[in-house]
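[1] Structural data only, the sequence is not supplied:
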């Protein structure tokens, strides 16, 4: 069974500071990994995905994530936080099963950006 | 381009009443379809998924059911709602197993 752990349910950063959101996963097969962002009362929007190509993945809004197999991690970073980055972020892993791929989500990390 | 629609956006229902939430996808054919629930302060839990018309897989035992009467239509139902059914329900789709899922805007369900 797959699992995803996001360290820290809440993160507070100053505007202009580095954003680092941690994600560790467990999977019995090579994983597909995703980061999603959710703004209040909205659905999830895909930030980026890892599908066994480059280990450093660039996404939208200046975010990027690095896949480290040895550490089973897929941490999300952004060099300089903007007020608009305040949202909840979810890491997810896919099992690539034959009967549709089921995403397993982490518990989410809510980001607060201080001016 | 593909779009996904969910309705209603918000719903307030009394305990014991029935439920029907609808999700439709446009601009693609034979999508994989998913229903998730997001309870307050918690992550997302997969409830049902479907790889084709009439094919429904349930992930967790619960008071809800799902149906897929048409290729791009996915319905979440209940005959009698419980207080514990409150939450934010999200529908999602994708075309292939290595592709990301795309989410609708969700339905906020409150049970009184």
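    Now that the structure is in, tell me what you want to look at. Small disclaimer: the values here were computed from a predicted structure and weren't measured.
[2] Might you report the residue contacts of the most centrally placed residue in chain B?
    Nearest residue to the geometric centre of chain B (CA atoms, centre = their mean): residue B:35, 3.2 Å. Contact analysis of residue B:35 by CB atoms under 8 Å, 6 or more residues apart in numbering or on different chains lists B:23, B:46-49, B:66, B:74, B:76, B:89-91. C-beta here means a position set from N, CA and C on the backbone, and glycine is covered the same way.
[3] Buried residues in the worst-scoring helix or strand of chain A on mean pLDDT, which are they?
    Every helix and strand of chain A was ranked by mean pLDDT, DSSP states H and E. The lowest is strand A:103-105, at a mean of 86. Under the neighbour-count criterion of 16 or more other CB atoms under 10 Å in any protein chain shown, strand A:103-105 has A:103-105 buried.
[4] restrict these to those near chain B?
    When contact is defined as CB under 8 Å from any CB of the partner chain, the buried residues of strand A:103-105 meet chain B at A:103-105.
[5] Dump these to JSON lines, plus distance to residue B:59.
    Shown next, in JSON lines, are those (distance: CB to CB, whole Å):
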{"residue": "A:103", "distance to residue B:59": "11"}
{"residue": "A:104", "distance to residue B:59": "10"}
{"residue": "A:105", "distance to residue B:59": "12"}
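[6] ok, back up a step: mind checking what helix or strand follows the least confident helix or strand of chain A in sequence?
    strand A:109-114 (DSSP states H and E).
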